[in-house]
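Student: please find the sequence and the predicted model below.
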Amino acid sequence: MRIGEMIAAVQQALGVEVDGKAGPQTWGAIYARLVDKKIDGVKPFEAVSPVDDRSESVIATLLPEVRPIARALVQKAASAGITIRVISGLRTYEEQAALYAQGRTTPGKKVTNARAGYSNHNFGIAFDVGVFEGSKYLPESPKYRAVGALGIDLGLEWGGNWKTIVDQPHFQLRPAWAADESEQQMLAELRSRRDRGQAVYA
């Protein structure tokens, strides 16, 4: 039996989302079942401790389902000797439009190819991290690849694996309903859900 199949079987037995990846939801459910059902009086998935203040201010903009995984990524990186901070989270359509205009109709260099409504940041399911050495931000570092592997292990999609635009600081949590959809199909449904006022992860 493959490790992913084992994890999926455990997830099914625990009654959590079955994706074959052992992220905070799975480990929280295992902890609650075997150690302490309360975990500081909150649901297991929500029990991942807060991280640094800078990251937390950004994490607060993400959907509740994404927040524990963002915190877990910061903690797992720290355990591997890598300091990261979550530096970008939710963007409004207006903020995305302004970023898209940069280098096109406004001064500056191009920083995104995503128009408003065409970035996962617009829906609170994506975040960017920065690698730091002390207080110094490193825009480029081989450590981003190591952090990417940690994020994938948590069930996140990593922008470093993208074919067209490689974006190593970028992570996103794909909804279960979009597991077999293309990025374009998922974004179209996310826009539709936003317009209908429907929850992303429902």
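Tutor: Yep, it's here.

Student: so where do the helices sit in this structure?
Tutor: 3-14, 24-34, 53-59, 67-79, 93-101, 143-153, 183-196 (DSSP state H).

Student: would JSON lines of those helices with mean pLDDT and mean neighbour count be doable?
Tutor: In this view, the C-beta of every residue, glycine as well, is placed from N, C-alpha and C. Putting the helices of the chain into JSON lines (pLDDT from 0 to 100; neighbours: other C-beta atoms under 10 Å) gives the following:
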{"stretch": "helix 3-14", "mean pLDDT": "82", "mean neighbour count": "14"}
{"stretch": "helix 24-34", "mean pLDDT": "78", "mean neighbour count": "18"}
{"stretch": "helix 53-59", "mean pLDDT": "98", "mean neighbour count": "16"}
{"stretch": "helix 67-79", "mean pLDDT": "96", "mean neighbour count": "20"}
{"stretch": "helix 93-101", "mean pLDDT": "96", "mean neighbour count": "16"}
{"stretch": "helix 143-153", "mean pLDDT": "96", "mean neighbour count": "18"}
{"stretch": "helix 183-196", "mean pLDDT": "97", "mean neighbour count": "14"}
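
Student: out of the ones you listed, which comes closest to residue 113?
Tutor: helix 93-101 (7.8 Å; C-beta to C-beta).

Student: what does that closest one contact?
Tutor: Applying C-beta atoms under 8 Å, 6 or more residues apart in numbering, the contact partners of helix 93-101 are 91, 106, 111-119, 121-122.

Student: CA atoms of it as CSV?
Tutor: Only the C-alpha atoms of helix 93-101 are listed here, as CSV (Å, rounded to 0.1, in the frame of the first residue of the first chain):
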residue,chain,number,x,y,z
TYR,A,93,-10.4,43.1,-7.0
GLU,A,94,-9.4,46.7,-6.9
GLU,A,95,-5.9,45.9,-5.5
GLN,A,96,-5.5,43.2,-8.1
ALA,A,97,-6.5,45.6,-10.9
ALA,A,98,-3.9,48.1,-9.6
LEU,A,99,-1.2,45.4,-9.6
TYR,A,100,-2.2,44.3,-13.1
ALA,A,101,-2.0,47.9,-14.4
